[in-house]
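Undergrad: I need the structure of the sequence given here:
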Amino acid sequence: MIARIAGAGARGILVALLVTTPALMLPDTVNDANQITMLVALLAYFLTFVEYNSKYPSIVEFRDAPPFNRLRFASLFAIVIVLTLILQNKTDPSAISNALTSIGTIVGNAMDFPFSPVRMIVLMLPENSDFARIESVRVSAGMAYLISLVSMGAFLVLVRVLNWPTRKGAFNVWVNMPLFDPTAGGDVIHRLRRDARINIVLGFLLPFLIPAVVKAASDLIDPITLQNPQTQIWTVAAWAFLPASMIMRGIAVGKIADMIGEKRRRAYAAEKNSEKDADKKTMQPA
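TA: Down below sits the predicted model:
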């Protein structure tokens, strides 16, 4: 119990630190914004602590199948840290921030080609945006998208090469997928594979759809200018992380469907072998 409480508390602190990182590192933050950030950090800590301190899962999927959630958290944390350092370079430059800005400029320019996700998020900005704002968003989007691609590649290696999630023992579907109801109707494998395909397709389309929807809605509401550094960080982080997270979930759910199908085939084969053995015994003369 003590280990569970300590682990839940450590996870809660890390999530709260993730929420407060831009406000702590960037200068000239508004006092009201800091108060809202602290409130959100406390709420994130409480929800994370309650979830991981409970014996039974409620919302978080793949809780007992590391390192799925750890990889997703590390990816989001890396995106937030890198984007914060890049924006910090404008007011408080350092060797690390200069290096990240230079790498981001190269990556952003390389990914900024027609119909690319980076080009789409740049086109999301208002037409009267200055060059510095456009360049900042391009650099941030390029680095964020690169980190999300690396995280998806790392998870694919874990699944295909390191045999996640069974490399450390049996996989419990109920504990790791609490929101999935196997009794809802239909074949479980078919539903899981359909869910996996939907997640992968949406994850692929969201980097294109989100800027397009925001641009289309700018005629009805105030357009997103991304003038505030924290707004830019969280907008770009969500744009890059959410699709990558959905694709990783789709890969994970597809792997679970393959595992259930393989277990079902082994059970059918064992049942056939037992029936054949029983037939042979009945055919033997007394």
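Undergrad: Just the element for Ala270, please.
TA: helix 229-283 (DSSP states H and E).
Undergrad: Packing partners of that helix?
TA: helix 2-25, helix 68-88, helix 131-160, helix 188-217 (3 or more CB pairs under 8 Å, 6 or more residues apart in numbering; DSSP states H and E). Yep, even glycine has a C-beta here, placed from its N, CA and C like the rest.
Undergrad: Of the ones you listed, which is nearest Ala237?
TA: Of all the helices and strands packed on helix 229-283, the one in closest proximity to Ala237, counting by CB to CB, is helix 68-88 (4.8 Å).
Undergrad: Report the next helix or strand after that closest one in sequence order.
TA: Tracing the chain C-terminally past helix 68-88 and defining elements by DSSP H and E, one meets helix 95-111 next.
Undergrad: Dump that next one to PDB, restricted to CA.
TA: Provided in PDB are the C-alpha atoms of helix 95-111 (Å, rounded to 0.1, in the frame of the first residue of the first chain):
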ATOM      1  CA  ALA A  95      23.300  27.600 -25.400                       C
ATOM      2  CA  ILE A  96      20.600  25.000 -25.100                       C
ATOM      3  CA  SER A  97      17.800  27.300 -26.300                       C
ATOM      4  CA  ASN A  98      19.900  28.500 -29.200                       C
ATOM      5  CA  ALA A  99      20.700  25.000 -30.300                       C
ATOM      6  CA  LEU A 100      17.100  23.900 -30.100                       C
ATOM      7  CA  THR A 101      16.000  27.000 -32.000                       C
ATOM      8  CA  SER A 102      18.500  26.300 -34.700                       C
ATOM      9  CA  ILE A 103      17.400  22.600 -34.900                       C
ATOM     10  CA  GLY A 104      13.800  23.700 -34.900                       C
ATOM     11  CA  THR A 105      14.400  26.100 -37.800                       C
ATOM     12  CA  ILE A 106      16.000  23.400 -39.900                       C
ATOM     13  CA  VAL A 107      13.200  20.900 -39.100                       C
ATOM     14  CA  GLY A 108      10.400  23.400 -39.500                       C
ATOM     15  CA  ASN A 109      11.600  24.500 -42.900                       C
ATOM     16  CA  ALA A 110      12.100  20.900 -44.000                       C
ATOM     17  CA  MET A 111       8.600  20.000 -43.000                       C
END
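Undergrad: and that helix, average pLDDT?
TA: Helix 95-111 carries an average pLDDT of 94.
Undergrad: Which of the residues in that helix are classified as buried?
TA: Across helix 95-111, burial judged by 16 or more other CB atoms under 10 Å covers Ser97, Leu100, Thr101, Ile103, Gly104, Thr105, Val107, Gly108, Met111.
Undergrad: can you redo these as TSV with distance to Leu158?
TA: As requested, the buried residues of helix 95-111 are exported to TSV (distance: CB to CB, whole Å):
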residue	distance to Leu158
Ser97	31
Leu100	26
Thr101	31
Ile103	25
Gly104	27
Thr105	31
Val107	24
Gly108	28
Met111	25
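Undergrad: out of these, who's nearest Phe208?
TA: Nearest to Phe208 among the buried residues of helix 95-111, with distances taken as CB to CB, is Met111, at 13.1 Å.
Undergrad: shouldn't that closest one be in contact with Val118?
TA: Yes - with contact defined as CB atoms under 8 Å, Met111 reaches Val118; the gap is 4.2 Å.
Undergrad: For Val40, give me phi and psi.
TA: With angles defined as degrees, to the nearest 10, Val40 sits at phi -70, psi -40.
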